[in-house]
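Undergrad: What follows is a predicted structure for the sequence shown.
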Amino acid sequence: MSGTSLDGIDVALVEIAGEGFSQQVRPLAFRQSPYPRDVAQALLAVSNADTHTGRIGRLNFLLGELYGEAVVDACKSAGVPLERLDLVGSHGQTVYHQAAPAEVCGRRIACTLQIGEPALIAEKTKTPVVADFRPADMAAGGQGAPLVPYVDYLLYRDAAINRAALNIGGIANITAIPAGCGSEAVTAFDTGPGNMVVDALAARFSAGRMRFDRDGAMARRGSVDEDLLAELLDAPYYRKPAPKSAGREQYGADFAADLLRRGIPADSLTATATALTARTILLGIERFVQPNMPVEQLIVSGGGWHNPEIMRQIGEGLPDAEILPSNAFGIDSDAKEAIAFAVLAYESFHNRPANLPSATGASRPVVLGKIVRV
């Protein structure tokens, strides 16, 4: 998995048995491989940007090599022989995601593009690879996101407890799982920015020395600009009901540049962006989750779990909910998304649907991904 934060490659080694929502998932190991700085910068330059097809093509093959090497390195570090691998699932790096249709040559088209050539992963690992998960859902009228709710339901459903699974990556997304519900009753959507905007500001204010606001230190030193925050919270996206998805197209370089033009001191602008993440998560829960169920447990994963300022604000906004890391359920909070795409790849390889139409808006359950065999 390599997400919208552009921080690197996450590899989870997972044992899976069974099928559908009766399957057993046992994480074995997890390894993170940061992107070299020049790779991260090259990816940022082609993400939701005017660029050249050659640049995207070369990065597509470069990432395929890097992903394959990351899998091999993860196996070596965990003492797992490469021959034990039955399957690799690769989400790829999203460089463009347009969930809402736009006019193209007289037709209304939605689209998504993840790069990281799976044939190169298959060659380096000598293992079949499932990749490119999102287009099948979009072909069936869905937004291609979020896809992880299928796995959230598998891992976290409970007969008696209303649970919500929150992942705070580059973008934040939430899955609401009412007690005792079937998968068709799951609600899920992207709430808005996760770490993406704060990361961009930290990098800018540190002249590239920092990739994120470690421990929320900058935000804690600053003061939230409530006027700016109110303006940002008034965006139509936060009033739009699910299904909905967001990405770098909404919260990327242009969004950060607009904030920087406000002339607000560094720490206070970072504090305001941090508050935007927390408040939009809380707004999403208030508007689109709590009318259907009270959140009794909030299960958090992703890099945002490590930002105490984000978590403090969420905790204050949900005083009646028990807030837990996914680690409490045996799922490393940093590895959760990678584990999720292992599960989705496993389902796809066995020709089983693994999207939740209630989450993506698709007209029907579909088999996700494309398979490269060796």
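TA: Noted; the coordinates are in hand.

Undergrad: Go through stretch 344-363 and flag the buried ones.
TA: Applying a neighbour-count criterion of 16 or more other Cβ atoms under 10 Å, one finds 344-349, 353-362 buried in stretch 344-363. Just so you know, the C-beta spots here come from the backbone N, C-alpha and C atoms, and that holds for glycine as well.

Undergrad: what's the answer for stretch 4-22, then?
TA: Here stretch 4-22 shows T4, S5, L6, D7, G8, I9, D10, V11, A12, L13, V14, I16 as buried, counting by 16+ other Cβ under 10 Å.

Undergrad: distance of the residue of the chain most remote from its centre from Y96?
TA: Largest separation from the mean C-alpha position in the chain: G106, at 32.1 Å (Cα atoms, centre = their mean). To Y96, G106 is 21 Å away according to Cβ to Cβ, to the nearest Å.

Undergrad: cool, Q114 as well?
TA: With Cβ to Cβ as the criterion, Q114 and Y96 are 9 Å apart.

Undergrad: would H97 count as being in a strand?
TA: Yes - according to DSSP: H, G, I helix; E, B strand; the rest coil, H97 belongs to a strand.

Undergrad: quick one: pLDDT of it?
TA: In this model, H97 is scored at 92, pLDDT.

Undergrad: Just to check, it is in contact with H91?
TA: No - checked against Cβ atoms under 8 Å, the pair H97 and H91 is beyond contact range at 11.9 Å.

Undergrad: Alpha carbons of the lowest-mean-pLDDT helix or strand in the chain, as CSV, please.
TA: Lowest on mean pLDDT, DSSP states H and E among the helices and strands of the chain sits helix 248-251, with a mean of 88. Extracted C-alpha coordinates of helix 248-251, given in CSV (Å, rounded to 0.1, in the frame of the first residue of the first chain):
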residue,chain,number,x,y,z
ARG,A,248,-5.4,15.3,-3.6
GLU,A,249,-7.6,16.8,-6.2
GLN,A,250,-9.4,18.7,-3.4
TYR,A,251,-6.7,18.9,-0.8
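
Undergrad: Renumber starting at 54 from here on
TA: All right, first residue 54 from here; so that's helix 301-304.

Undergrad: which of the residues in that helix are buried?
TA: R301, E302, Q303, Y304.

Undergrad: Work out the gap between it and the centre of the chain.
TA: Relative to the centre of its chain, helix 301-304 is centred 13 Å away, using Cα atoms, centre = their mean, to the nearest Å.

Undergrad: Could I get the contacting residues of A193?
TA: N408, P410, A415, S416, R417, V419 (Cβ atoms under 8 Å, 6 or more residues apart in numbering).

Undergrad: Nearest residue to it in space, please, no chain neighbours.
TA: Nearest residue to A193, sequence neighbours excluded (Cβ to Cβ, 6 or more residues apart in numbering): A415, at 4.2 Å.

Undergrad: picking that back up, looking at Q167 and Y149, which one has more neighbours?
TA: Neighbour count, other Cβ atoms under 10 Å: between Q167 and Y149, Q167 has more, with 21 against 18.

Undergrad: Could you look up the SS state of that one?
TA: Applying three-state DSSP: Q167 is strand.

Undergrad: Which strand or helix spans the residue nearest to A193?
TA: A415 belongs to no helix or strand when assigned by DSSP states H and E.

Undergrad: quick one, strands of the stretch 254-403 of the chain?
TA: 350-354, 375-378 (DSSP state E, counting those that start in this stretch).

Undergrad: What strands flank the longest one, and is each parallel or antiparallel?
TA: When pairing is defined by DSSP bridges, strand 350-354 lines up against strand 216-221 (parallel), strand 375-378 (parallel).

Undergrad: before we move on, the earlier item: now, the most widely separated pair of the buried residues of stretch 57-75?
TA: L59 and I69 (28.1 Å; Cβ to Cβ).

Undergrad: how distant is the helix ranked longest in the chain from the center of its chain?
TA: Counting residues, the longest helix in the chain under DSSP state H turns out to be helix 106-131. The chain centroid and the centroid of helix 106-131 are separated by 19 Å under Cα atoms, centre = their mean.

Undergrad: for stretch 351-363, same thing?
TA: 13 Å.

Undergrad: ok, residues contacting it?
TA: Residues contacting stretch 351-363 (Cβ under 8 Å, 6+ apart): 58, 60, 209, 216-222, 225, 247-248, 251, 265-266, 268-269, 272-273, 324, 327, 330-331, 364, 367, 371, 374-379, 381-382, 384, 386-387, 389-390.

Undergrad: one more time with 6 Å, if that's ok
TA: Outside stretch 351-363, the residues within contact range by Cβ atoms under 6 Å, 6 or more residues apart in numbering are 209, 217-222, 247-248, 269, 272-273, 327, 330-331, 374, 376-379, 386, 389.

Undergrad: Pop the domain breakdown of the protein in here.
TA: The chain breaks down into these domains under automatic domain parsing: 61-197+389-425, 202-382.

Undergrad: hey, which of the strands of the stretch 254-403 of the chain is tucked in deepest?
TA: Comparing those by mean neighbour count (mean count of other Cβ atoms under 10 Å), strand 350-354 ranks first with a mean of 23.

Undergrad: Quick one: mean pLDDT over that one.
TA: The model assigns strand 350-354 a mean pLDDT of 98.

Undergrad: CA atoms of it as PDB?
TA: What follows is strand 350-354, C-alpha atoms only, in PDB (Å, rounded to 0.1, in the frame of the first residue of the first chain):
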ATOM      1  CA  GLN A 350     -16.400   2.500  19.900                       C
ATOM      2  CA  LEU A 351     -14.200   4.400  17.500                       C
ATOM      3  CA  ILE A 352     -11.400   2.300  16.100                       C
ATOM      4  CA  VAL A 353      -8.600   4.400  14.700                       C
ATOM      5  CA  SER A 354      -5.700   3.500  12.300                       C
END
